[in-house]
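Here is the input, now give the coordinates:
(chains A and B)
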Amino acid sequence: MKNIRPAFGLLAALMLSGCGNAPETASAQLGIPLAKQLLVTAGSLGHRQSDTPADPTANPALRNVLVQAGTPFYGVAIAKVQYISVMAPYGQNGPVQTWASGTHETISLKDGILVATRGFGNDMMTSIAPNQSQISSAVGAFRRVYYYLDGGDQSKSLEFDCTYAKSGAEALTILGLSYDTHRVSETCANRTIQFENVYWFDSSNKLRQSLQFVSPELVNMRLQRLID
Amino acid sequence: MTQSFKLITTRILAALVCLTLAIPTQAEMRPTVNLSGQTGLIDMPSGEQEPDGFLTLDHSRFGPIARNSLRFQITPRLSGTFRYVAIHDWKKNFVCSPCIGADLFPIYYDRNFDISYQILTEGSYLPAVTIGLQDFVGTGLSAAEYIAATKTFDDRLKVTAGIGFGRLGSLNPLGSLGKRPPITIGFGGNLNVKQWFHGNYAAFGGVEYQATDRLTLKAEYSSDIYSEEAGRHKTFQRRSPFNFGVEYQVNPSLRLGGYYMYGSELGFNLTFYVNPAQRPSGGIGGPGPEPVKVRPSQKSDPASWSTGWTEVANAQDILFGSLKANLEGTGIVVESLGLTATTAQVSFRNASYDATAQAVGRVARAMSQAMPSSVETFEIVPMDHGLRASKVVINRSDLERLEFAPDAGNALRARAQIVESGAPLPGTKRNPELYPKLTWSLLPFDRTFLFSPANPLQFGVGLRLAGTYELAPGLILSGSLTKLVLSDIKRGGHSVSKLQPVRRDASIYVTSPGVQVETLTGAWYSRLAPNVFGRVTAGYLEQMFGGVSAEVMWRPVNSHLAVGAEVNYVAQRDTDGGLGFGEYNYHVMTGHISGYYDLPRGYFVQVDVGRYLAGDVGATLSVIREFTNGWRVGAFATKTNVSAKDFGEGSFDKGIFLQIPINWLSGRPTRQNRVFVIRPIGRDGGARLNVDGRLYDVLRSYDETRLNDQWGRVWK
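Numbering: from 1, shown residues only, chains lettered A, B, ... in the order given. Sure, this is the predicted structure:
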């Protein structure tokens, strides 16, 4: 019995390094068509799950790289899983625009308001979200509904009652550019969960930065409009 | 403790460490399991049940007595437990001459099955009441029956009281109900019906106090006198009927307990709680999909809606190329493309996604990127082993309209159709690069032999080189070579038995030195008619048998029922893993009629009636609980015309099995599963041929039930 213990180490090593071209041995690499090469370039500037995630907003040099790419960019960060990346436009369906990182995480925004995510595991599948105009005016209330898949792949929804309040002015610096913004906070709650979304509107009333709820597991996502 | 027992624990620990995720511990007083792996106190059962579908794995030890238990909450009220017991020091203070049967071994091993049913759930005033049978088919050494009631007060205090029979009625009996006949062990495996709730009965009970959110104190009065263990065999001294313990809930998955047992011994309990229904990681990960490409409106861009493309000579090739490019890297391979001006039919194989719906969704979105605007109907045909398994029909405009709709999965499902695959569209073009196709792999494998009294866990690892050569859709040559590298599996001798040793000699095959030809087969699969599929496999079918296997199956996509018939003519292979058949000179005609039926709420039954490998005739019943994420937990039993005497220990073939999708732990999409089959005793009666790629297994992921189960993944 004693000689068997090294076998576990061997087995583990082999499990990780089995070879062949059969599907179950091929790593789940995502091939990326040429047309999307741009995303790779952009995405490689972001990091996922690294020890010290580079914060795009802390590195003004990034702006030059992104500007040269000639496309708008969002900076996306999820503190809970130490995710930071930049995303470029990927698709458009009516008012909803989908943005993707080079590693194929995607977010879908309706006028800057997050309505879906993919590639994060506990994704927001779809949602019923307020219009940006309601948020920026900070009036009234809204019943948000988020749709998820649980650990058995079954659809489940969470509903929240949300209210809005203006929460002061703040000077933001993103990639070396400064913005005078006014903040609006959205407070949402149901019986068990409560969260706050924060929106930073710049002087032209453009949604420059936001902190938006994604899912109970991921909590929230910080979105920064890096390049218009 | 033997190395083997430690090893079992180590393996369970290793496999389950990943489960112990730090979800906040709930404050409510949960039902916990006792040292026997039943919901209960310390050594006594209670009136409670675990949450529906939960599995608990439990390793406990007090004094000389070690128990490993696997408990499954089959329905909200019904549970089953399988337990492997080792009683150490069995002969230390026990002299026998001559020693026979169980007295031969220094450690006494036993396998138990328990079943319990909650006749009353806990209410505001009424307690939870459970009636249970313990060790009801085994040798009966641990046999007991009980009724236990448990009431919770203020989510802090639980009080349990019960009446036990058998060993739970052995201390201070209150009275007697009829006469309990002595245990007739025989060959084991019999239902000891005449004993149930007969003989002396005694009271037991105890309290649990939730001191903090994580800490529970327990005290009980045990009605078990341990007549064999403490009495006859003197493996420990039972000085008191009172047991005391402290349990700590490390996280929702892991619970530890420490005890002072029977006034003389220390004990511990280590329990894993697993909820198969929920992947611990929650939603499945992996790269996000391409978005749906929305067509311009016909009004704004009439030219893009023209069907002129159908006149272009190589339109099909161009669209094929575009589709392929859009699916690159997903693990989805297009098998064929058929086109009309308004309909596109894509058949594909999916190597990546456990949920067929996710693969269907990826193909649909790739089609939205690739297909001309005039194509409104997407027909998506998953294929496996060359078989067109089913067809999902999605209107392209629904795909466009519903991508961000509330509850988009259910909204799309309401508009999509899942139907029989039908014939390919006229002019369908096959992927020219796909056939012939060679795939190969070099991967480790393991072999386990359980429950040998000398060494209850024998384990070996080796390497398997496997290859598949597909000549055309459904025409597949495949083979595998194996070499055991490290092993402590004991090589048995050739068996002497009335039955042909069709399985009993397995250890001789497994431990043969050198490289073995595990399988070497040619197989042909075909859709013979709508809903009817056929398979013929010939060659070295499995490690122990070679020959020809033919199967036909009727499986409507939208039906809960499938029926198949299989006939095999096989000969027993030589034990050296070579190509010969001379060693046993045994051949047999074997085959079954099989029925597969999906019951509501994820329960599944399979009945196989026919002739087994040893020539015996009978039937196998399998009852399985399937979870939507791919977990399957089931039990099976086979009764054939072999007498209990000829069958040997265990009397008939039975067992339990777990199928665990790898992605349940990894949280990433993969189609790999790990299957664990636990047979208390492996014998030759009721043994079935193992053929790879039986039709039901090949097709089951693609029927309407399975597609619906994970339909939400269509948008992942």
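
what's the residue of the stretch 101-250 of chain B found nearest chain A in contact with, if anything?
At 14.1 Å from chain A, residue B:107 is the closest residue in the stretch 101-250 of chain B, using CB to the nearest CB. All C-beta spots, glycine's among them, are computed from the backbone N, C-alpha and C. Going by CB atoms under 8 Å, 6 or more residues apart in numbering or on different chains, residue B:107 touches B:2, B:86-88, B:90, B:453.

Name only those of those that count as buried.
B:2, B:86-88, B:90 (16 or more other CB atoms under 10 Å in any protein chain shown).

Reformat the residues you listed as a markdown table; add pLDDT, secondary structure and distance to residue B:56.
Output for the buried ones among the contacts of residue B:107, formatted as a markdown table (pLDDT from 0 to 100; DSSP: H, G, I helix; E, B strand; the rest coil; distance: CB to CB, whole Å):
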| residue | pLDDT | secondary structure | distance to residue B:56 |
| --- | --- | --- | --- |
| B:2 | 43 | coil | 23 |
| B:86 | 94 | strand | 19 |
| B:87 | 94 | strand | 22 |
| B:88 | 94 | coil | 24 |
| B:90 | 89 | coil | 27 |
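
can these go into JSON lines with extra columns for distance to chain A?
Below are the buried ones among the contacts of residue B:107 laid out as JSON lines (distance: CB to the nearest CB, whole Å):
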{"residue": "B:2", "distance to chain A": "8"}
{"residue": "B:86", "distance to chain A": "15"}
{"residue": "B:87", "distance to chain A": "20"}
{"residue": "B:88", "distance to chain A": "16"}
{"residue": "B:90", "distance to chain A": "20"}
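
burial measure for the residue nearest to residue B:226 when sequence neighbours are not counted, as a count.
Excluding the flanking residues, the one nearest residue B:226 by CB to CB, 6 or more residues apart in numbering or on different chains is residue B:238, at 5.3 Å. Residue B:238 has 20 neighbours, counted by other CB atoms under 10 Å in any protein chain shown.

so residue B:238 makes contact with residue B:227?
No: assessed by CB atoms under 8 Å, residue B:238 is found out of contact with residue B:227, at 9.4 Å.

any idea how far residue B:634 lies from chain A?
In this view, residue B:634 and chain A are 18 Å apart by CB to the nearest CB, to the nearest Å.

In chain A, where's the longest strand?
Across chain A, the longest stretch assigned as strand under DSSP state E is strand A:155-174.

Where does residue B:448 sit: helix, strand or coil?
In three-state terms, and counting by DSSP: H, G, I helix; E, B strand; the rest coil, residue B:448 is strand.

one step back: how about the longest strand of chain A: buried residues?
By 16+ other CB under 10 Å, the buried positions in strand A:155-174 come out as A:155, A:158, A:160, A:162, A:164, A:167, A:172, A:174.

which other helices and strands contact that strand?
Secondary-structure packing of strand A:155-174 (3 or more CB pairs under 8 Å, 6 or more residues apart in numbering or on different chains; DSSP states H and E): helix A:132-137, strand A:141-149, strand A:177-189, strand A:194-201, strand A:207-215, strand A:219-227.

and residue 131, what pLDDT?
Because you didn't say which chain, this covers chain A. The confidence metric pLDDT takes the value 95 at residue A:131.

nope, chain B
98.

Distance of it relative to residue B:44?
Applying CB to CB, to the nearest Å, the value for residue B:131 to residue B:44 is 14 Å.

Looking at the two, which one has more neighbours?
Neighbours were counted for residue B:131 and for residue B:44 using other CB under 10 Å; residue B:44 has more, 27 against 17.

Run through the residues of the stretch 301-450 of chain B sitting next to chain A.
Within the stretch 301-450 of chain B, the positions adjacent to chain A are B:325-326, B:328-331, B:351-352, B:355, B:400, B:403-410, B:438-444, B:446 by CB under 8 Å from any CB of the partner chain.

Please check these and keep the buried ones.
B:325-326, B:328-331, B:351-352, B:355, B:403-405, B:407-409, B:439-444.

Tell me where the model's unsure across the chain.
If you meant another chain, say so; for now it's chain A. Along chain A, segments meeting pLDDT under 70 span A:1-58.

my bad, chain B
Using pLDDT under 70, chain B drops low at B:1-28, B:138-140, B:183-190, B:495, B:650.

and the longest strand seen in it, anywhere near chain A?
The residue-count maximum for a strand in chain B (DSSP E) belongs to strand B:457-472. Yes: using CB under 8 Å from any CB, strand B:457-472 reaches chain A at B:459, B:461, B:463, B:466, B:468.

Compile the residues you listed into CSV and extend it with columns for neighbour count.
Shown next, in CSV, are these (neighbours: other CB atoms under 10 Å in any protein chain shown):
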residue, neighbour count
B:459, 22
B:461, 18
B:463, 17
B:466, 20
B:468, 16
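
nearest to residue B:682, of the residues you listed?
Of all the residues of strand B:457-472 next to chain A, residue B:682 sits closest to residue B:459, with 15.4 Å by CB to CB.

Pairing partners for the closest one in the sheet, please.
residue B:448 (DSSP bridges).

quick one: it and residue B:446 touch, right?
Yes: under the criterion of CB under 8 Å, residue B:459 makes contact with residue B:446 at 6.7 Å.

what number of residues lie near the spatially closest residue to residue B:342 that is not a sequence neighbour?
Spatial nearest neighbour of residue B:342, excluding adjacent residues (CB to CB, 6+ apart): residue B:376 at 5.3 Å. Residues contacting residue B:376 under the criterion other CB under 10 Å number 15.
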